[in-house]
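J.: sequence? don't have it. structure:
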């Protein structure tokens, strides 16, 4: 698989072609495409009175985490993401932090990239829109949650054709 071929403009970033987690999915072309799509979406959202976007992901304990961005930054955020510490993978339900030999601590940075196909105006929260976010490494590799299955199981789970084969 060539870098950049794994990005689907339709909500399957990083694994659209069955790429293993960590495979480079966001090259400069893909980032530019996402940024352009987000700029167009931001203009439409502004017309509806939206000023902020909430990007959400669910951590390993089932707690929904949120990062926000002003609507004027959505294009940049869609291409390059918002920072998220990998230490969230070892947060507990009460927000205390445990340890793991696989997580070195709060150092490092993952990037949260919004799923633009699911960007939604929040009717009950005037001025706000919402989108789920996927995690990527700084160099553009897709990063599934720490609770995700093994790479082989991940590829099977992400493949709709595999679901119908029983």
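T.: Right, received. Where do you want to start? Quick caveat, the model's predicted, so the values are computed rather than measured.
J.: Please work out which residues outside the longest helix along the chain touch it.
T.: The single longest helix within the chain, with elements called by DSSP state H, is helix 28-47. With contacts defined as CB atoms under 8 Å, 6 or more residues apart in numbering, helix 28-47 is touched by 4, 7, 9, 26, 53, 71-72, 74-80, 113-114, 116, 119, 121, 129, 140. (Each C-beta comes from the backbone N, C-alpha and C, glycine too.)
J.: what angle separates the following helix or strand past it from helix 28-47?
T.: Downstream of helix 28-47, the first helix or strand assigned by DSSP states H and E is strand 52-58. Interaxial angle, strand 52-58 versus helix 28-47 (axes from the mean of the first three to the mean of the last three CA atoms, to 10 degrees): 120 degrees.
J.: Name the residues of strand 52-58 that are buried.
T.: 52-55, 57 (16 or more other CB atoms under 10 Å).
J.: one step back: what average pLDDT does the longest helix of the chain get?
T.: The average pLDDT within helix 28-47 is 96.
J.: which parts of that helix are buried?
T.: 30-31, 33-35, 37-38, 41-42, 45.
J.: which strands and helices sit next to the one helix or strand residue 133 maps to?
T.: Residue 133 is part of strand 128-137 when elements are defined by DSSP H and E. The contact analysis (3 or more CB pairs under 8 Å, 6 or more residues apart in numbering; DSSP states H and E) places strand 128-137 against strand 52-58, strand 110-114, strand 120-121.
J.: Which residues outside that strand are in contact with it?
T.: So strand 128-137 is contacted by 13-14, 22, 25-26, 45, 50-57, 67, 71, 81-82, 84, 110-116, 118-122, 142-145 (CB under 8 Å, 6+ apart).
J.: hmm, 6 Å instead?
T.: With contacts defined as CB atoms under 6 Å, 6 or more residues apart in numbering, strand 128-137 is touched by 13, 45, 50, 52-57, 110-115, 118-122, 142-143.
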